[in-house]
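S.K.: Make a model of this:
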Amino acid sequence: MNAFRILAYVLLGLALALFGADVVTSLEAQQVTLRATRAILSLFGLDLGVQEGGWFARVGNFLLATPLWASLATLGALMVLILRPPR
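M.R.: Below you'll find the model as predicted:
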């Protein structure tokens, strides 16, 4: 259980770092710039194209189009709330 709580905090830390990178890029470009999950994964050589098909493909495309910091922050916050230590 403690390992999952640590993982949740690591996810939140990564989300903050990615958000900070988007803020710095936006300040440098003088316009709002948000990197999508697909763009960040392509930096690591994982080129995922647009998927076609049913509802699962639509959910996958939505997650790949959102900023990665938003996805990680949501997952990390849910894990922190679910894995609270007992009182």
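
S.K.: So which residues of this structure form helices?
M.R.: Counting by DSSP state H, the chain has helices at residues 2-29, 37-43, 55-65, 68-82.

S.K.: Sort out which residues of the first one are buried, please.
M.R.: Using 16 or more other CB atoms under 10 Å as the burial criterion, the residues of helix 2-29 that qualify are 8, 11, 12, 15, 18, 19, 22. All C-beta spots, glycine's among them, are computed from the backbone N, C-alpha and C.

S.K.: do the second one as well
M.R.: By neighbour count with 16+ other CB under 10 Å, helix 37-43 contains the buried residues 37, 38, 40.

S.K.: residue contacts, residue 21?
M.R.: Listed by CB atoms under 8 Å, 6 or more residues apart in numbering, the contact partners of residue 21 are residue 35.

S.K.: One more: residue 26?
M.R.: Under the criterion of CB under 8 Å, 6+ apart, the contact partners of residue 26 comprise 32, 33.

S.K.: same check, this time on the one 3 residues further on
M.R.: Neighbour list for residue 29: empty [criterion: CB under 8 Å, 6+ apart].
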